[in-house]
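Q: need a structure here:
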Amino acid sequence: MPPAHTPGISRSVRLVVGSSRTDHHTWRHRLQRVQANWTPLLSTLVESFLNFQRGQRPSSPPSNAEEEASYDFTIPCINIYTVATEVTISRSATVSNPVEALVLNGYLSSTPHSPTIAVSFSTLELYHRLRLRKPSFSVEAFAKVICDIYKFPYRRRYHTVLADTFDIYLTIRRQVDTQVKEALGRNSTEWRVQNACPACCYELNDEPELHYSRLFAFDGNNSLSCMALLGDREVGDQRVFKSDYFLDAEYVNKFADEVQERHTVAEADAEVSLPLSSCVEHWKAAAADAKKKSWGIFEETGVFASACRHGMILWIVDMVRSGELFKYPLAIVNKALEVLGPRLLIGYDIGCKLSVMVGSSSLRSKFEDSESRRCVDAFHGYSHSYACQDKNHSNVIIGAGLKDFGVMERIFSSSNQLAAWDEDRYLNLSIMLYRHYTQALKIIKTETVAIDKAKRSLGVTDEDIRQWRTEQSDYLKMSSGEAEWNVHAVAYVELLQKLRAARSTVETSGSAFISATPTNYEFISPSFTPNTSMSYYTNLSQTRKLETAHRQAAERYDELLREVIALELKMGIVRRWDVFDRQYMETIKYISRQKYRRALNNLQRLLNLSQSGYKMQMHIAKSLQTRCKAIQTALKIYNEAAVEIGQPTLDWSKVSHYAFLEEFTLLEESAQDIRGQRWTEPAVRELMKQSLRVEHAHEEIIRCNVELCRLHTAIIDEEQEFTSVLTQLSTVGDPIHGAVAEFCERRRRIHAHVLARVLAVYELDGFSGNPGVGVQKGSMANEKVDDTNGLVEEC
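A: Numbers count the residues shown, from 1 in each chain. Here you go, the predicted model:
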């Protein structure tokens, strides 16, 4: 081996004699060459890695010990567990490549040929596990940790070596994982989505039919962005990461041209459009796609992701140079209908607008035939109009149970720990079901007593409550829309007001123009004297300005007059309305009431604290009072609108204690008098909400019973599958046996943890499900060995 200073000497000689070379290779060229050098070795390295996991090494014994020793070599190494600086690699005559010998001995180099340093698999696996739990933990930080353990000052070479070696290590691991999936029969394109969450998808024979087969949600997130390339720069790493999590851009872009904005309510489906108009103006995601621009510095502006109700990721879409366009949810909806089947309940923060988008796309018939529907998640739902909440809020939809559909917010809040997200969600699946079950039992136990007592005191029945819900929904549908005549009348009166203002402007500007010319006017030549010349041009400029203002005012008046005449012809008005006409005064009152209602709705939307406890409400109220100008402005606008129609004004101390919409006076100020209806009484409304919550708790119990049995059955079936596959692989001596056995061991320990909590649910006072295993739909009802207790005790 040449001395370490030789490269420096050679470089100095070249500089002296004037011979120098410029490296024109780019980072892309280097990566391509590295990839080309590694690719022919990958299959051999994967096989060697599997043999290392099994503890086997291929050998062809040489004729004597001296010949055997001649193939061994010593190499500098990094091993965080042994802290060794060198390692002797045993190499047989059949191993032609030193990198293969390294792999068989549990090490990996950073280069495919002539390795100069090796990193142990145990060190690489440690970093792999650290990255799964903390993706922000960098290679540089890990290199510094290794240097600290070795008692070395930081060596940048270790950073480069670890980065290159870890990259090829992940490549080997991915190919091994692919072979493991093939051995277990889990290599189909949609296997993960259809089987990752057994509580959602492992359907059984003779199980109760759920109102919706699967519940999931999706949403966009702008924090996971990627900078665009500048100028003529190109991406260095051309490798494509293949994953069944991501939907490719070609699939998503098929829905780019299907989003057609509805210009009028009549063009969209009436059932979903009535409460929509007052909702979408508050939401950026509900804006027209043309308005969802993104900063040009980003190539990928974020991700649009979906997950089941238990938090298992379904699909992810990269948002490319755009905001949250509707092509992203439409693509996921289409994929869900193709893969997950019918009767889906989909949560989205603007689920009301999603209905219109689906209805105006090619998915309409497919979506309707599947008996699926959309809803608004509980967190964002309280910012929608009350009419929209009554129809789309997850708390009022039959079959939603107690699910709030806020799973995407929780996922995005933990987006820095997403590397092992699904594995953690599966580990906590039974804990989640346990908490849902206990929550539902508590609601049923505590609130049923209160409901029975309230029904006796108020003299109402369950049938009365159901009838009142229908009446409330019918009223909100009617009050959320405006009659066509009222819309035209408002537009007509507003035009008349503008016309009167324009006429006044014309008269004022005309008078100013005429009065600008004195009665004793006498023409004086501008060249008479310097002073008179300056005065002449000043007067001329002022006169021209007045003339222009008068002409513009006249043109504006004529334009408004044409609009008034056109609207009169459309409405069939023979005589123009005067300010003292009955129709005019009624329309003015209607405008004031609408202004009052809008102000009231906006105030209620900003002050919706009903889902917080009393202490939290007081804390939020104090913070909002001092910091939120929007609410103070809304309160001021409300008071001004209330004065116009003779309603009492509100102050902050009173408003901050209001719990929900029914405590405002909206229900008393409507087109129809409903003050005599029982469902407008505060006590009855609270009873209606409580009874609905108890009904959802019963739905949650039914769904949890089904999901617990599915989960229990899936674990038992998977255990039997593991035993069968491992026996078969061992019999034929398949090299993948070791990797499959490692996967099964990890999975079995997770199963033990999950089953322990499932058994805890079975022991709850009030459990009403089947505490056993069932038979998966489409499978043979073979005799099963239920070794639940053995699995739990094993770990």
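Q: Show me which residues of stretch 117-129 are buried.
A: 117, 118, 119, 120, 121, 123, 124, 127 (16 or more other C-beta atoms under 10 Å). The way it works is simple: take the backbone N, C-alpha and C, and place the C-beta from them, glycine included.
Q: ok, the first one - contacts?
A: The contact partners of residue 117, taken as C-beta atoms under 8 Å, 6 or more residues apart in numbering, are 75, 76, 77, 78, 109, 110, 157, 161.
Q: What about the residues you listed, which one has the most neighbours?
A: For these, neighbours were counted using other C-beta atoms under 10 Å, and residue 78 has the most, 25 neighbours in all.
Q: nearest spatial neighbour of that residue, skipping sequence neighbours?
A: Nearest residue to residue 78 in three dimensions, chain neighbours excluded: residue 119, at 4.6 Å (C-beta to C-beta, 6 or more residues apart in numbering).
Q: Likewise for residue 90?
A: residue 72 (5.6 Å).
Q: And that neighbour, what's its pLDDT?
A: Here, the pLDDT recorded for residue 72 equals 87.
Q: Could I get the full set of helices for the stretch 251-400 of the chain?
A: 270-273, 277-280, 327-339, 351-359, 364-369, 378-381, 386-392 (DSSP state H, counting those that start in this stretch).
Q: now the ones you listed in JSON lines, with distance to residue 249?
A: Output for the helices of the stretch 251-400 of the chain, formatted as JSON lines (distance: least, C-beta to C-beta, whole Å):
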{"stretch": "helix 270-273", "distance to residue 249": "29"}
{"stretch": "helix 277-280", "distance to residue 249": "27"}
{"stretch": "helix 327-339", "distance to residue 249": "10"}
{"stretch": "helix 351-359", "distance to residue 249": "19"}
{"stretch": "helix 364-369", "distance to residue 249": "22"}
{"stretch": "helix 378-381", "distance to residue 249": "28"}
{"stretch": "helix 386-392", "distance to residue 249": "30"}
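Q: for these, which one sits closest to residue 175?
A: helix 327-339 (25.9 Å; C-beta to C-beta).
Q: Any buried residues in the closest one, and which?
A: Buried-residue list, helix 327-339, by 16+ other C-beta under 10 Å: 327, 328, 329, 330, 331, 332, 333, 334, 335, 336, 337.
Q: pLDDT averaged over the helix ranked longest in the chain - what is it?
A: Longest helix in the chain by number of residues, with DSSP state H as the criterion: helix 682-732. Mean pLDDT, helix 682-732: 92.
Q: Mind giving me the packing neighbours of it?
A: helix 198-201, helix 429-458, helix 462-480, helix 737-762, helix 788-794 (3 or more C-beta pairs under 8 Å, 6 or more residues apart in numbering; DSSP states H and E).
Q: so which of these comes closest to residue 139?
A: Going by C-beta to C-beta, the one of these nearest residue 139 is helix 737-762, 24.8 Å.
Q: Show the pLDDT at residue 406.
A: pLDDT at residue 406 comes out at 86.
Q: thinking again about what came up before, for the helices of the stretch 251-400 of the chain, give me CSV that also has mean pLDDT and distance to residue 228.
A: Shown next, in CSV, are the helices of the stretch 251-400 of the chain (pLDDT from 0 to 100; distance: least, C-beta to C-beta, whole Å):
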stretch, mean pLDDT, distance to residue 228
helix 270-273, 42, 37
helix 277-280, 56, 30
helix 327-339, 93, 19
helix 351-359, 85, 28
helix 364-369, 91, 35
helix 378-381, 81, 30
helix 386-392, 82, 37
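Q: quick one, which of those helices is nearest to residue 423?
A: Short answer: helix 327-339, nearest of the helices of the stretch 251-400 of the chain by C-beta to C-beta, at 21.4 Å.
Q: That closest one - contacts with which helices or strands?
A: Partner elements for helix 327-339 (3+ C-beta pairs under 8 Å, 6+ apart): strand 214-221, helix 249-253, strand 298-308, strand 313-320, strand 344-347, helix 351-359, helix 364-369.
Q: next one: it to chain centre, how far?
A: Relative to the chain's own centre, helix 327-339 is displaced by 14 Å; criterion: C-alpha atoms, centre = their mean, to the nearest Å.
Q: neighbouring contacts of it?
A: Contacts of helix 327-339 (C-beta under 8 Å, 6+ apart): 190, 193-194, 216, 218, 220, 247, 251-256, 258-259, 289, 304, 306, 314-315, 317, 319, 344, 346, 348, 354, 357-358, 361, 363, 366-367, 370, 372.
Q: angle of it against strand 214-221?
A: Interaxial angle, helix 327-339 versus strand 214-221 (axes from the mean of the first three to the mean of the last three C-alpha atoms, to 10 degrees): 160 degrees.
Q: Export only the CA atoms of helix 327-339, formatted as CSV.
A: In CSV, the C-alpha atoms belonging to helix 327-339 read as follows (Å, rounded to 0.1, in the frame of the first residue of the first chain):
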residue,chain,number,x,y,z
LYS,A,327,-57.9,16.6,-8.2
TYR,A,328,-56.1,15.2,-5.2
PRO,A,329,-59.2,14.2,-3.2
LEU,A,330,-60.9,13.0,-6.3
ALA,A,331,-58.0,10.7,-7.2
ILE,A,332,-58.1,9.2,-3.7
VAL,A,333,-61.9,8.8,-3.8
ASN,A,334,-61.7,7.0,-7.1
LYS,A,335,-58.9,4.8,-5.7
ALA,A,336,-60.9,4.0,-2.6
LEU,A,337,-63.9,3.0,-4.6
GLU,A,338,-61.8,0.7,-6.7
VAL,A,339,-59.9,-1.0,-3.9
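Q: The helix or strand containing residue 147: which residues count as buried?
A: Secondary structure assignment for residue 147, by DSSP states H and E: helix 139-149. Of the residues in helix 139-149, 139, 142, 143, 144, 146, 147 count as buried by neighbour count, 16+ other C-beta under 10 Å.
Q: Any buried residues in stretch 238-251, and which?
A: Under 16+ other C-beta under 10 Å, the buried positions of stretch 238-251 are 246, 247.
Q: Any idea how far it is from the middle of the chain?
A: A distance of 18 Å separates the centroid of the chain from that of stretch 238-251, by C-alpha atoms, centre = their mean.
Q: What lies in contact with it?
A: Contacts of stretch 238-251 (C-beta under 8 Å, 6+ apart): 28, 31-32, 35, 189-193, 313, 315-318, 320, 331-332, 335.
Q: Now do the closest residue to residue 304 other than its chain neighbours against residue 710, distance only.
A: The shortest distance from residue 304 to any non-neighbouring residue, by C-beta to C-beta, 6+ apart, is to residue 328 (3.9 Å). Relative to residue 710, residue 328 is positioned 30 Å away (C-beta to C-beta, to the nearest Å).
Q: Below-threshold pLDDT in the stretch 301-450 of the chain: ranges please.
A: Residues of the stretch 301-450 of the chain meeting the criterion pLDDT under 70: 416-419.
Q: Return the member of the buried residues of helix 327-339 nearest to residue 433.
A: Nearest member of the buried residues of helix 327-339 to residue 433, counting by C-beta to C-beta, is residue 336, at 22.4 Å.
Q: Write the ChimeraX selection for whichever of the contacts of helix 327-339 are buried.
A: Per 16+ other C-beta under 10 Å, the buried members of the contacts of helix 327-339 correspond to this ChimeraX selection:
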select :193,216,218,220,247,252,255,256,258,259,289,304,306,314,315,317,319,344,346,348,354,357,358,361,363,366,367,370,372
